[in-house]
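*Asks:* Kindly generate the corresponding structure for this input.
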Amino acid sequence: MDDILFAAAVEQARLIRTKELSPVELVDAYLDRIDRLDGGINAFVLVRAEEGRAEARRAADLAARGGDLPPLLGVPIPIKDLFDTAGIRTTYGSRAYADHVPEEDAATVRRLKAAGCIVIGKTNTSEFGQIPASDSLLHGLCRNPWEASLTSGGSSGGAAAAVVSGMAPVAHGSDGGGSIRIPASCCGLFGLKPARGRVSSGPRLGESWQGFSTQGVLTRFVADSAVLLDVLSGYEAGDPYWAPPPPRPFGSTFSEEPPRLRVGV
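*Replies:* Modelled structure (predicted):
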């Protein structure tokens, strides 16, 4: 099962669609790994064990019926604790919001759910994402899974630590001044900051940091980042501006041979 836990999310989704892998088995395996490993890492500030299993059972029923399935049906994903999740505690890393439970999802969370992803928890971050390390008075320090004395980066350090340790196949994050790219560098992952206006900050915000901050994912595989960028991208009602859609989906490009490259020195 370890091979599956470290496989690309797009491959996990393919195996679920072809009924070679059960979403229930997949979610159970990640939850077991979180239970065994996260005590020494502190990547997760909240784990949705029973809720995640229930959603996995519903995904398994949907997969059994077949037909036109969501592209990432049954794939587990944690959400950075800066972003609202309906009915799930969201603290923004701050003691002032220690008991805060939003009533609606951020647009990105809604899009991930619509794509079939199962939210298995919330990941550690600095208070309001203000520093490039994932440490707060409320939740404590997230350690680097490669070396516990080192930082996992920030402010999406919990997301990066969850992926690199095999506690999640991919993880939601955000980036204003490096909050996806710094943890990706610290943990040895792929981290892309999408272009301004590519991913909505709605519904609570029209824009974040005047559009300088945006949301994305941390992954092991470029293919996963490409497909998830397709999932996250797009206009939401109330957005003050948006990037024009690409001529074709990002997910259709990762398997193509790159064009010949000329380098001038």
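*Asks:* give me the beta-bridge partners of the spatially most central residue of the chain?
*Replies:* Closest to where the C-alpha atoms of the chain average out (CA atoms, centre = their mean) is His172, at 1.9 Å. Note on His172: beta-bridge partners by DSSP bridges are Val217.
*Asks:* pLDDT wise, what is the closest residue to Asp135 other than its chain neighbours at?
*Replies:* Closest residue in space to Asp135, ignoring its immediate chain neighbours: Leu141 at 4.4 Å, by CB to CB, 6 or more residues apart in numbering. C-beta coordinates here come from the backbone N, C-alpha and C atoms, glycine included. Note for Leu141: predicted pLDDT of 98.
*Asks:* Check the secondary structure at Leu141 for me.
*Replies:* coil (DSSP: H, G, I helix; E, B strand; the rest coil).
*Asks:* what residues are up against Ser22?
*Replies:* Going by CB atoms under 8 Å, 6 or more residues apart in numbering, Ser22 touches 16, 56, 60, 74.
*Asks:* ok, 10 Å please
*Replies:* 15-16, 28, 56-57, 59-60, 63-64, 74 (CB atoms under 10 Å, 6 or more residues apart in numbering).
*Asks:* and the gap between it and Leu69?
*Replies:* In this view, Ser22 and Leu69 are 14 Å apart by CB to CB, to the nearest Å.
*Asks:* now Leu37
*Replies:* From Leu37 to Leu69 the distance is 31 Å (CB to CB).
*Asks:* Give me the below-cutoff pLDDT ranges for the stretch 151-265 of the chain.
*Replies:* Judged by pLDDT under 70, the stretch 151-265 of the chain has no weakly predicted residues.
*Asks:* Just the helices from it, written as ranges.
*Replies:* For the stretch 151-265 of the chain, the helices defined by DSSP state H, counting those that start in this stretch occupy 157-164, 181-187, 222-232.
*Asks:* What separation is there between the spatially closest residue to Leu69 that is not a sequence neighbour and Tyr30?
*Replies:* Spatially, and ignoring its direct neighbours in sequence, Leu69 is nearest to Arg17 (5.7 Å; CB to CB, 6+ apart). According to CB to CB, Arg17 stands 19 Å off from Tyr30.
*Asks:* what about the two, which has more around it?
*Replies:* More neighbours surround Tyr30 than the other of Arg17 and Tyr30, with 27 against 17 (other CB atoms under 10 Å).
*Asks:* Touching, the more buried one and Gly121? I think so.
*Replies:* Yes. With contacts counted by CB atoms under 10 Å, Tyr30 reaches Gly121, the gap being 9.5 Å.
*Asks:* Look at Gly157 and say how many residues are nearby.
*Replies:* By other CB under 10 Å, the residues close to Gly157 number 34.
*Asks:* One more: Val231?
*Replies:* 21.
*Asks:* give the contact list for the residue nearest to it when sequence neighbours are not counted.
*Replies:* Among residues not flanking Val231 along the chain, Ala115 sits closest, at 4.5 Å (CB to CB, 6+ apart). Residues near Ala115 by CB under 10 Å, 6+ apart: 13, 70-73, 75, 77, 227-228, 230-232.
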